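# Next comes the sequence, and after it the predicted model I'd like to discuss.
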Amino acid sequence: MEDIQALLQAAFADELSEHLAGMRAALAAQEAGQPVDLREFFRRAHSLKGAARAVEQPETERLAHALETLLEAIARGDRALDAETVPQLRVQIDAIEDAAGAAVSGGYDDIDALPEAVVRESGGDDMLRVSARAVEALTRSLHGVLAEVQGRAAVTEGLVGIAAELEAVAAMLVRGDADGAARQVTRTQAAAGRMRRAQGRADWAMDRAVAALEADSERVLMVPAQMLFDGYDRMLREVAQSQGKSASLHIEGSETAADRRVLQMLRDPMLHMLRNAVGHGIETAERRRAAGKPERGSVTATVQAARGQLILSLTDNGAGLDDAAIERRARAAGLIAAGSATPPLPVLRAMVFEQGFSTAAAVDEVSGRGVGLSVVADAARRLQGSVTIAPADGGGTVVTLAVPLSMSRQTMLLVECAGATYAVPVAAVRRVMALDPGAVTRGEDGQVAVIDGAAVPLVALSAVLGTGGAAGQGALSVLWMRSGIALTVDALLAVRSLVVGDPGAIAVDLPWVAGTVLLDDGAVALVLGADVIAARALGSARGVAVVAEQPAAARRLTVLVVDDSITTRTLERGILEAAGYAVRLAVDGLAGLERLRAEAGEIDLVVADVEMPRMDGFGLLTAVRNDPALRGIPVVMMTSRNSPDDIERGLDLGANAYVTKQDFEQGKLLSIIGQLI
């Protein structure tokens, strides 16, 4: 009898959690301006009252009855579901939770005290409620597989018949009945064709049946994401009150289904995310009033499933990120080297996930020890997921956690590297692309790829894994990872939804292996752990060139042409560019002097006309020779006046050569310039 009562209490605890979560979600919806189904609210209270009576919890039954009474008053119109009534409902729901929890735990302090039959039946923490619909679907799928297995008996019988016909052919040939043997062979060939088609249909049907069985099997382990938040609505309100604040939790997408094991692993990180939102985000009522905000802060949890991932965003409408405080704390902790520039904002903000990092001024019960967000980051890594933090639209902060929907089956990108196939979790990849080697440049620590205008560290996966491989020359197959690095692979093979197994003894000495998958051909491929790969990629692997580096090309020599005639400038520019020179232009001596001073280190020679407005060629030549930064630049004077006095004056002022336009020809100008530079 004691065992039965304990089982009833365990079942009641599960039902209690479901009803409390539903009622709290209804109150949150009401505060968000959404309609509340009072009949559903009342049904939950009534069901709890009946369940409490069944497990002999009179105090819980009494409190549930009181909740029913208040809901009846609201339904009759005697009370309004307003800002005064909602807190009363919350108090009553909290009281039911306290009373029921005390009754359930009163008899057994821990799982070791439970009767053996209860532990054996429930499996301890692994107890799982499964909907009848999911079990029915799984049963149908199993029957489908069994039917296909039994259907293959017909194929077996057909093969036996073909074997008998072939034996008959052999007997005919022994007797010398060639015509009969030929007719029998024709009939046997037709039977074999029918059998081949039947086999194909049977294989196709079996594949579909097995796929349905796999899907329904996994669906049994899928539960609503609401379990992530059970009890946390109240916890958040109490944490806020302890700090002199007021906050409420709103949940969107709680019906999204995910692997129960994934959700269990996220319960603790979710607790820390909520406490962090209150401790670091939500302000006190006074500060919120001063900022023109409602006194009560809000934390909104949004859950959705997309591309095989569970995406969980937690947004608060608090003060937002203090990037300056994050940088000060990061420098004090040595995460940013002394004297170095401020890192990009995404990199800076990611430092809040480091162990021991906190911007709190003092340690209290909620924040200050730098543990909370590091727990979130650790959970993301263990689940082959990612976590980011950023300012929220409209103010506040949003923390986004993306992890696989299932612990067992994940969407994998299969890649080839050094002749082997590896699996990379799609959730860890931001984008795959073909990269032109021309987009690869040299950075401080190694080669970088220019992607969307940003310099991304580029590393060969073969260098990370230590499998060798030479630097390539052609287009690169690149995985731009969410960790911020770009990995090159030999080939991108396929995307598959695969069951991930334990690496076990296969990769006991390989820390970068996160699991194994079975490929279509029966081969086993190693699953790469994205976080370990990123850490190794930014280590010694950065020194291995991905693209063979070419010697730097010689700089093109640059000539400045200064002439007020557009025809002359165009002619000289064409001649010089055809000879391989870079050309700069100026319309008179003053413009030429300004350009020389702005680009002194880039201009190798000047070709200047003598007669120009504002400043003639002689004035330009005098200014160049009197400027220490310019005096070494060769100057060729070009003029239409063939006066010996002008030529002598130009040479006296420091011209390196003098060419008259009457004697000008392409070869002569290029010859002079070639001798001077």
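Sure thing, it's come through.

# Next, find the distance separating the residue positioned nearest the centre of the chain from Gly253.
With the centre of the chain defined as its mean C-alpha position, the nearest residue by Cα atoms, centre = their mean is Arg482, 4.5 Å away. Separation of Arg482 from Gly253 (Cβ to Cβ, to the nearest Å): 22 Å. No exception for glycine: its C-beta is placed from N, CA and C like everyone else's.

# before we move on, what SS does Ala423 have?
Classification of Ala423 using DSSP: H, G, I helix; E, B strand; the rest coil returns strand.

# secondary structure class for the residue nearest to it when sequence neighbours are not counted?
Nearest residue to Ala423, sequence neighbours excluded (Cβ to Cβ, 6 or more residues apart in numbering): Met412, at 4.1 Å. Three-state call for Met412 (three-state DSSP): strand.

# cool, and Glu602?
Secondary structure assignment for Glu602 (three-state DSSP): coil.

# State whether Val606 is indeed within a strand.
Yes: secondary structure of Val606 (three-state DSSP): part of a strand.

# Quick check, it in contact with Pro634.
Yes: judged on Cβ atoms under 8 Å, Val606 makes contact with Pro634 at a distance of 7.2 Å.

# quick one, which of the two is more surrounded?
Between Val606 and Pro634, counting by other Cβ atoms under 10 Å, Val606 is the more crowded of the two (27 against 19).

# Specify the beta-bridge partners of the residue nearest to Ala423.
With DSSP bridges as the criterion, Met412 is bridged to Pro425, Arg496.

# any idea how far Leu383 is from it?
Distance from Met412 to Leu383, counting by Cβ to Cβ: 14 Å.

# out of these two, which sits in the busier spot?
Using other Cβ under 10 Å, the more surrounded residue of Met412 and Leu383 is Met412, with 26 against 23.

# you'd agree the more buried one is up against Ala427?
No: with contact defined as Cβ under 8 Å, Met412 does not count as touching Ala427 (9.7 Å).

# What pLDDT is listed against the residue nearest to the centre of the chain?
Per-residue pLDDT puts Arg482 at 82.

# What distance do you get for it to Asp627?
Distance of Arg482 to Asp627, computed by Cβ to Cβ: 54 Å.

# Could you pull up phi and psi at Ile251?
Phi and psi for Ile251, reported as degrees, to the nearest 10, are phi -120, psi 130.

# who does the nearest residue to it once chain neighbours are set aside bridge with?
In this structure, Ile251 finds its nearest non-sequential neighbour in Ala301, 5.0 Å apart by Cβ to Cβ, 6+ apart. For Ala301, the beta-bridge partners are Ile251, Leu314 (DSSP bridges).

# buried stuff in stretch 374-385?
Under the neighbour-count criterion of 16 or more other Cβ atoms under 10 Å, stretch 374-385 has Ser374, Val375, Val376, Ala377, Asp378, Ala379, Ala380, Arg381, Leu383, Gln384, Gly385 buried.

# sorry, back to before: quick check: the residue nearest to the centre of the chain vs Ala463, distance?
In terms of Cβ to Cβ, Arg482 sits 20 Å off from Ala463.

# try Ala211
Ala211 is 38 Å from Ala463, where distance means Cβ to Cβ.

# what's the answer for Gly281, then?
Taking Cβ to Cβ, one finds Gly281 at 41 Å from Ala463.

# Also Arg62?
Separation of Arg62 from Ala463 (Cβ to Cβ): 69 Å.

# likewise Ala655?
Counting by Cβ to Cβ, the separation of Ala655 from Ala463 is 57 Å.

# Just the pLDDT for Ala525.
Ala525 is assigned 89 on the pLDDT scale.

# State the phi and psi torsions of it.
According to degrees, to the nearest 10, Ala525 has phi -110, psi 140.

# For it, give its distance to Lys245.
Taking Cβ to Cβ, one finds Ala525 at 50 Å from Lys245.

# circling back to that earlier point, who has more neighbours out of Ala211 and Ala463?
Neighbours per residue (other Cβ under 10 Å) separate Ala211 from Ala463, with Ala463 holding more: 23 against 11.

# which stretch of helix or strand covers that one?
Element membership for Ala463, per DSSP states H and E: helix 461-465.

# That helix - contacts with which helices or strands?
With contacts taken as 3 or more Cβ pairs under 8 Å, 6 or more residues apart in numbering; DSSP states H and E, helix 461-465 sits against strand 409-417, strand 486-489, helix 530-537.

# buried residues in stretch 647-655?
If you call a residue buried by 16+ other Cβ under 10 Å, then stretch 647-655 has these buried ones: Ile647, Arg649, Gly650, Leu653, Ala655.

# Turn these into TSV, columns for secondary structure.
TSV is the format used below for the buried residues of stretch 647-655 (three-state DSSP):
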residue	secondary structure
Ile647	helix
Arg649	helix
Gly650	helix
Leu653	helix
Ala655	coil
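
# mind giving me a markdown table with those residues and columns for distance to Glu594 and pLDDT?
Output for the buried residues of stretch 647-655, formatted as a markdown table (distance: Cβ to Cβ, whole Å; pLDDT from 0 to 100):
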| residue | distance to Glu594 | pLDDT |
| --- | --- | --- |
| Ile647 | 27 | 77 |
| Arg649 | 24 | 82 |
| Gly650 | 21 | 81 |
| Leu653 | 20 | 86 |
| Ala655 | 20 | 89 |
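
# and which of these is nearest Ser217?
Of all the buried residues of stretch 647-655, Ala655 has the smallest distance to Ser217: 90.2 Å, by Cβ to Cβ.
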